[in-house]
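Colleague: need a 3D model of the following:
(one chain, ligands or ions: 1)
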Amino acid sequence: MPDLLSFFGQDEDRSRDAVHEGKRAMDKVRELDLEVRELRKEVKRVQSAFHALWDLTAESMGATEDQLRDKMAEIDEREADGVNLLAPELVSCPSCNRKVLLDRKTCIYCGVALRGIKGDA
Ligand SMILES: [Zn+2]
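Modeller: Predicted structure coming up:
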């Protein structure tokens with residue numbers, strides 16, 4: 001009965017594919033879980049740097065939390081308008097494709113000359 005055999009054979013292939021897909025999905029989940037953990041660590045570092053800066057600012061300039069909140073609101077508004085004064089303009093290096101500051105003469109990663117490249121970031 002070749003028809004029946006090939007039928008079961010296909011069934012086996014399908015379940016093997018499904019198991020393979022499931023394993024791939026689990027790998028992806030593990031990978032993303034790791035990434036989330038790394039990002040959480042990064043957020044904690046940034047938070048800690050922020051708190052340190054705030055403590056120093058409050059101590060040395062006598063700034064208040066109300067002033068901090070006002071400043072944060074002002075920055076949120078500015079960024080909502082698409083203007084971010086703190087973000088530097090970046091270009092892609094034509095050689096290594098990494099992002100470098102627009103006003104640099106050479107790529108900090110590979111050293112290639114960057115003159116005449118327009119911002120694309
Ligand atoms: Zn480069």
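
Colleague: neighbouring contacts of stretch 61-74?
Modeller: Trp54, Thr57, Ala58 (CB atoms under 8 Å, 6 or more residues apart in numbering). (C-beta placed from N, C-alpha, C; glycine too.)

Colleague: from the ion, how far off is Val112?
Modeller: 5 Å (CB to the ion, to the nearest Å).

Colleague: leaving out chain neighbours, which residue sits closest to that residue?
Modeller: Ser95 (4.0 Å; CB to CB, 6 or more residues apart in numbering).

Colleague: so that neighbour sits in a helix?
Modeller: No. The assignment for Ser95, made by DSSP: H, G, I helix; E, B strand; the rest coil, is coil rather than a helix.

Colleague: now the contacts of stretch 61-74: which count as buried?
Modeller: Among the contacts of stretch 61-74, none scores as buried (criterion: 16 or more other CB atoms under 10 Å).

Colleague: make JSON lines out of the residues you listed and add distance to the ion and secondary structure.
Modeller: As requested, the contacts of stretch 61-74 are arranged in JSON lines below (distance: CB to the ion, whole Å; DSSP: H, G, I helix; E, B strand; the rest coil):
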{"residue": "Trp54", "distance to the ion": "36", "secondary structure": "helix"}
{"residue": "Thr57", "distance to the ion": "36", "secondary structure": "helix"}
{"residue": "Ala58", "distance to the ion": "41", "secondary structure": "helix"}
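
Colleague: what does the chain put close to the ion?
Modeller: Applying CB under 5 Å from the ion, we find that the chain lies next to the ion at Cys93, Ser95, Cys96, Cys107, Tyr109, Cys110.

Colleague: of these, which is the most crowded?
Modeller: Most neighbours among those, by other CB atoms under 10 Å: Cys107, with 22 neighbours.

Colleague: which element is the residue nearest the centre of the chain on?
Modeller: In the chain, the centroid-proximal residue (CA atoms, centre = their mean) is Leu39; its distance is 8.7 Å. Applying DSSP states H and E as the criterion places Leu39 in helix 2-61.

Colleague: any idea how far Arg115 is from the ion?
Modeller: 13 Å.
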